[in-house]
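>>> Would you be able to build a 3D model of this:
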Amino acid sequence: MMEMSESLEKLRNRILSDARLKADEIIREASQKADQIRNEAREKAEREASEILARAEAEAEAARRSIISSRIRANRLKLLEERNKIVQSVLADVEERLSTVATTGNFQEVVKRLATEAIDAIGSDHATLKIGFPKTSRDKFNLPADALPRGATVVYDEKLAEELGGVVASDSEGKIAYRNTFRARLDRLDRELLTLVSSTIFGEQRPGQREEVEATSA
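Okay, the predicted model is just below:
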């Protein structure tokens, strides 16, 4: 009877020992699994945090560059606007001087040159020339014969004074006409003139700057 009790006790102890070993193994595996999950979660969180930080830094840098670029563009436009005002002021002075050409000593030479250019443009030997200048009138307008090309019929036109003065040549049939007024010449040379005046005032410019000045002034 005693031997049976001892056997049962040993069996019970062995079962308890195996159970404890099994429990320890389960606890150890659970602890390892928990550590693994925590490590993976930490690594994932760190990766996500790094990605968020990188995106934030990239967005901040893009915003900084955008602000700088906007300020540069604004300053450039302001500079071009101020330069354009000066250029326009120079052109206004040119127009003012052209409007008084009739009072200058070389007026006859100016008229002859404008008339000759206009007649050459239409290619006619019997052209009709309309002539008009500010500060002159039909009654006071009187030029020597040699001041105009031969064969030309001269008609005084007061409306041309509104174009800063000049001549309009047309053929005998009135089908071909060429306006050689100061206003028409300025319009034809608008971009070249603006570029020339701007470069004279501000010195040599880069092509991009010159185009912007012209585009702003057009």
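>>> Outline the domain layout of this protein.
Listed domain ranges for the chain are 1-83, 101-190 (source: automatic domain parsing).
>>> can you list these in JSON lines and add mean pLDDT, mean neighbour count and distance to residue 91?
Glycine gets a C-beta too; all of them are placed from N, C-alpha and C. As requested, these are exported to JSON lines (pLDDT from 0 to 100; neighbours: other Cβ atoms under 10 Å; distance: least, Cβ to Cβ, whole Å):
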{"stretch": "domain 1-83", "mean pLDDT": "82", "mean neighbour count": "10", "distance to residue 91": "13"}
{"stretch": "domain 101-190", "mean pLDDT": "80", "mean neighbour count": "16", "distance to residue 91": "8"}
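>>> So for residue 90, which of those domains sits nearest?
Of all the domains of the chain, the one in closest proximity to residue 90, counting by Cβ to Cβ, is domain 1-83 (10.7 Å).
>>> by contact count, what packs against the helix or strand harbouring residue 17?
Residue 17 is part of helix 2-98, with elements assigned from DSSP states H and E. Contacts defined by 3 or more Cβ pairs under 8 Å, 6 or more residues apart in numbering; DSSP states H and E place helix 2-98 against helix 182-188, helix 190-202, helix 207-217.
>>> repeat that with 7 Å
Helix 2-98 makes packing contacts with helix 190-202, helix 207-217 when contacts are defined by 3 or more Cβ pairs under 7 Å, 6 or more residues apart in numbering; DSSP states H and E.
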